[in-house]
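Asker: Quick one, what's the 3D model for this:
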Amino acid sequence: MRELRRHLFLFLAAVSLICSAGCGREATPAATTDDELLAELSAGEKTEQPPAKPVQKPIRVRSASASRSGQDILRKPKGERLELRLKKGDRFPLMKTVEQTLIQKSETHPAFAKTLLELSLAITVQDVQDDSILLGIVYSRVVYEHDISGRRLRFDSGAGQESVPWDAIPYAGMVGNGFSFRLGRDNRIRELVGYREFLERCVARVPMERRQSLLAELSGRFGDDGVANFVDDSIGLLPYDASVDRESATLVMPGDVWTRERRLMQPVPVHLTSTYTLSSINERTAEIEIAGRIAASEAVNSNGPGRVRISGGRSEGTCTVDRATGLPLHVAVTRNLSMRVATEDGVEVQQEKSIVTIIRAFPENRRDRPAAAAGGTAIRRVSATQETGESAPDPAESVQDSGRAVQAVYP
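Answerer: Residues are numbered from 1 along each chain as shown. Okay, here's the model as predicted:
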């Protein structure tokens, strides 16, 4: 019995020892494994990711004055000035040539007309104000040629011709004659000075019974719009941005584009929208490309029978500007338009018209006086049939060919 109790006690003690030993072996390694894993992870982080360095420099706070200075630099206008730079007393010669070709497309009434007009004049700077400039024009010579379906005429005011063609009589007084106009800084005409007197002097040699009608014709053709057209073909194409301050209004860079709208009076009032692109600029000159569109219109032709319908047209050209003065050294513009003309007898014909305008200024001679006036002059209307050197009869006494709808081709 004692032997049995002793064996039972030893068995229970052995079981207890085994269980205690097993539990001890599981707990100790588990704790050791976790600690080692954490240590390895910590060591890996230290090895793979060294202490981070600052990626930005410390932010510096600028003073208010330094900030404003930077803004002023950013806001400073950019570009080159392209504007008139004239002084009181400056005088320079200018030549304007207008060549026009008109083709009447009709099986029954075909026609052809070509004119060449050369105007020599001098422009004088009479006054310079902060917001405007007063310019005076004096014509010195007029040369006119035309060919109307084979009928030719030539008139040169410098050739000393004794007789003046009838169509030239209203304009003969232009040589040695002139007027003034005030131009704003936006290159638009503000005021005409002495223009009415200029027109009256142009018709002083016309018989009294014809003077008023011709004066009205001159006024209609070469009134405010006529002078504006002359300016727009030359000085008026310079840039001016009225939407910005005056300091920046004439600043341009290559590629800049500006647009002008104007009205042409010949052969009927039409509207022309022109776009100007500055292609290049340097210290001496600026190059401008010109493109335009002529809008369709319809009106009664005051210079001939019937109605005229303009179906549209376009223009293109180039201009070289002298940067020292702002004057156009050379302007060449070609305009083409299509129109249908209805005569008094109801015949309607198609006409194609081309106008080539060339303007040249000579700023290097701007203080030279213009050549003295010589002989008569003529800005010529295409309506007569006279030959060179012959005095033309009064058109009121001529029989008009109503079948032909050839229109006057004006400069």
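Asker: In the chain, where is pLDDT below threshold?
Answerer: Applying pLDDT under 70 to the chain flags residues 1-77, 167, 170-171, 217-230, 264-268, 300-306, 364-411.
Asker: which residues of the stretch 51-200 of the chain fall in strands?
Answerer: Assigned by DSSP state E, counting those that start in this stretch, the strands in the stretch 51-200 of the chain fall at 80-81, 91-105, 111-128, 132-148, 151-156, 178-184, 189-193.
Asker: list the buried ones in stretch 246-260?
Answerer: 249, 250, 251, 252, 256, 258, 260 (16 or more other CB atoms under 10 Å). Backbone N, C-alpha and C define where each C-beta goes, glycine included.
Asker: re the thing from before, and residue 321, which of the strands of the stretch 51-200 of the chain is closest to it?
Answerer: With CB to CB as the criterion, residue 321 lies closest to strand 80-81 of the strands of the stretch 51-200 of the chain, at 11.2 Å.
Asker: ok, residues contacting that closest one?
Answerer: Strand 80-81 is contacted from outside by 250, 251, 252, 253, 281, 286, 323, using CB atoms under 8 Å, 6 or more residues apart in numbering.
Asker: Tell me which two in these are the farthest apart.
Answerer: The span of the contacts of strand 80-81, defined through CB to CB, is set by 253 and 323 at 14.0 Å.
Asker: Now for these two: what residues contact both?
Answerer: In contact with both residue 253 and residue 323: 80, 281, using CB under 8 Å, 6+ apart.
Asker: which residues sit in contact with residue 187?
Answerer: If you count contacts by CB under 8 Å, 6+ apart, residue 187 has them with 84, 231, 235, 236, 237, 238, 240.
Asker: so what's the last one closest to, chain neighbours aside?
Answerer: So that's residue 240. Using CB to CB, 6 or more residues apart in numbering and skipping residues adjacent in sequence, the residue nearest residue 240 is residue 186, 4.4 Å away.
Asker: Can you pull the phi/psi pair for the one you found?
Answerer: Per-residue torsions, residue 186: phi -90, psi 10 (degrees, to the nearest 10).
Asker: Tell me who's in contact with it.
Answerer: Applying CB under 8 Å, 6+ apart, the residues near residue 186 are 240, 242, 249.
Asker: now swap in residue 286 and tell me
Answerer: Neighbouring residues of residue 286 by CB under 8 Å, 6+ apart: 80, 82, 252, 278, 280, 320, 321, 323.
Asker: Neighbours of residue 86, how many?
Answerer: Look at residue 86: counted by other CB atoms under 10 Å, it has 22 neighbours.
Asker: Beta-bridge partners for the closest residue in space to it that isn't next to it in sequence, please?
Answerer: Nearest residue to residue 86 in three dimensions, chain neighbours excluded: residue 125, at 4.7 Å (CB to CB, 6+ apart). Beta bridges link residue 125 to residue 135, judged by DSSP bridges.
Asker: same check, this time on residue 118
Answerer: Taking DSSP bridges, one obtains residue 97, residue 143 as the residues bridged to residue 118.
Asker: thought it was touching residue 94?
Answerer: No. Using CB atoms under 8 Å, residue 118 is not in contact with residue 94, being 11.6 Å away.
Asker: and which of the contacts of residue 286 is nearest residue 331?
Answerer: Among the contacts of residue 286, and counting by CB to CB, the member closest to residue 331 is residue 320, at 7.8 Å.
Asker: That closest one: which element?
Answerer: Here residue 320 sits within strand 307-322, counting by DSSP states H and E.
Asker: Show me what that strand packs onto, helices and strands only.
Answerer: strand 270-281, strand 285-294, strand 297-300, strand 328-342 (3 or more CB pairs under 8 Å, 6 or more residues apart in numbering; DSSP states H and E).
Asker: Can you list the strands that that strand pairs with?
Answerer: Its sheet considered, strand 307-322 pairs with strand 285-294 (antiparallel), strand 297-300 (antiparallel), strand 328-342 (antiparallel) by DSSP bridges.
Asker: Out of the contacts of strand 80-81, flag the one nearest to residue 362.
Answerer: Using CB to CB, those come closest to residue 362 at residue 323, 15.5 Å.
Asker: quick one, what contacts that closest one?
Answerer: By CB under 8 Å, 6+ apart, the contact list for residue 323 reads 80, 82, 281, 282, 283, 284, 285, 286.
Asker: if you set the cut-off to 10 Å instead, what comes out?
Answerer: With contact taken as CB atoms under 10 Å, 6 or more residues apart in numbering, residue 323 is in contact with 80, 81, 82, 83, 85, 281, 282, 283, 284, 285, 286, 329.
Asker: And residue 109, its phi and psi?
Answerer: Backbone geometry at residue 109, expressed as degrees, to the nearest 10, gives phi -130, psi 60.
Asker: Indicate which one of the helices and strands packed on strand 307-322 is closest to residue 153.
Answerer: Once the helices and strands packed on strand 307-322 are compared by CB to CB, strand 328-342 is nearest, at 22.2 Å.
Asker: what angle separates the closest one from strand 270-281?
Answerer: Angle, strand 328-342 to strand 270-281, by axes from the mean of the first three to the mean of the last three CA atoms, to 10 degrees: 150 degrees.
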